[in-house]
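One predicted model, sequence on top.
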Amino acid sequence: MKAILKLFRSWSGCLAAMGLLSIGSSVHAQVLYLSWDDCTGNFRDKAFDCSTTQGAFELLGSFATSEAIEQIDGFQVHVIVSNVSPWWNLAPEGCGARTWYVSPSTQDPGCLPLEEAISWGTRSTQVGEYTHLDVELALSSPHDFVAGEKRYLFTMTFENRRADVCSGCCAGACIAFERLDFYRAGEEVATMYGDFGNGAVSWQGGVCGVRGGPIVTSASAGCLATPVSTSSWGRIKTIYR
């Protein structure tokens, strides 16, 4: 049976963090990366004045394993948004429905891409205060991954065209690369969990009040080091099922 060691940590009011990779019967440290705009991981927060419905924002996900893993031909990506506003309700029945999409390609020269993905699909659900964004990726052929090599995986694009119909654009949020599942010939063979340091970004960490909305900082989103509220991994896992 595949063993997964659970490391309990707080995501400062957003999510419980996991920092482990499970392959076969052993457990190893790993890193999931999430960043606005590119693969560097330098852009941890995105500020938007909510004054236009034009344009979009891109969120890029990458990963690095701590040891080699072979013959992977598919992935399942699990991203969670911690925010209760209609702006981030991207479920099919939500205000932001059909305003986000995923691509397994990027023009950023700083990203080391995967083998070409031949298919991908997305699913969005709203459960309580969390929006779950799930992505399935299938590769054109099995691929081997080298230990410690950071590989680009996906780009999530969020369109601004909902700015004039969905409230809550000015509210802070945490977005976390919660989990990555690896597949070989249709069987899940490894699971990686994100951490708050590399695997999460914030939205509206700066001042946002152009439309008369409140001044919001990342503190109100729970994305600072000072805890606002703490969610245990057990609670998150229960919500996510």
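Received the coordinates, thanks.

Next, give phi and psi for the residue nearest in space to the middle of the chain.
What sits nearest the mean C-alpha location of the chain, by Cα atoms, centre = their mean, is residue 177, with 3.0 Å. With angles defined as degrees, to the nearest 10, residue 177 sits at phi -80, psi 90.

hey, what's it bridged with?
residue 79 (DSSP bridges).

what's the closest non-adjacent residue to residue 180?
residue 192 (4.5 Å; Cβ to Cβ, 6 or more residues apart in numbering). Yep, even glycine has a C-beta here, placed from its N, CA and C like the rest.

for residue 52, what are its contacts?
160, 163 (Cβ atoms under 8 Å, 6 or more residues apart in numbering).

Give me the contact list for the strand or helix carrying residue 59.
Element membership for residue 59, per DSSP states H and E: strand 56-64. Under the contact criterion Cβ under 8 Å, 6+ apart, strand 56-64 has outside partners 30-39, 46, 48, 77, 79, 106, 108, 111, 148-160, 175, 177, 180, 192, 201.

how about residue 198, secondary structure?
The three-state assignment at residue 198 reads helix, by DSSP: H, G, I helix; E, B strand; the rest coil.

Next, count neighbours for it.
Other residues lying near residue 198 total 19 when counted by other Cβ atoms under 10 Å.

Direction included, what does the longest strand anywhere in the chain pair against?
Across the chain, the longest stretch assigned as strand under DSSP state E is strand 130-145. For strand 130-145, the paired strands and their directions (DSSP bridges) read strand 69-82 (antiparallel), strand 117-127 (antiparallel).

Which one of the ones you listed lies nearest to residue 185?
Closest approach to residue 185 among the strands paired with strand 130-145 (Cβ to Cβ): strand 69-82, 6.8 Å.

re the thing from before, let me see the contact set for the residue nearest to the centre of the chain.
So residue 177 contacts 32, 33, 34, 61, 77, 78, 79, 194, 199, 200 (Cβ under 8 Å, 6+ apart).

hmm, try it at 7 Å
Counting by Cβ atoms under 7 Å, 6 or more residues apart in numbering, residue 177 makes contact with 32, 34, 61, 79, 194, 199.

and these, which are buried?
Neighbour-count burial within the contacts of residue 177 applies to 32, 34, 61, 79, 194, 199; the criterion is 16 or more other Cβ atoms under 10 Å.

what's the distance between residue 90 and residue 37?
As judged by Cβ to Cβ, to the nearest Å, residue 90 and residue 37 stand 20 Å apart.

Which of these two has more residues huddled nearby?
Neighbours were counted for residue 90 and for residue 37 using other Cβ under 10 Å; residue 90 has more, 24 against 14.

where does the more buried one land on pLDDT?
We have a pLDDT of 93 for residue 90.

okay, now the residue lying closest to residue 91 once chain neighbours are set aside: neighbour count?
Nearest residue to residue 91 in three dimensions, chain neighbours excluded: residue 126, at 4.2 Å (Cβ to Cβ, 6+ apart). Residues near residue 126, counting by other Cβ under 10 Å, number 19.
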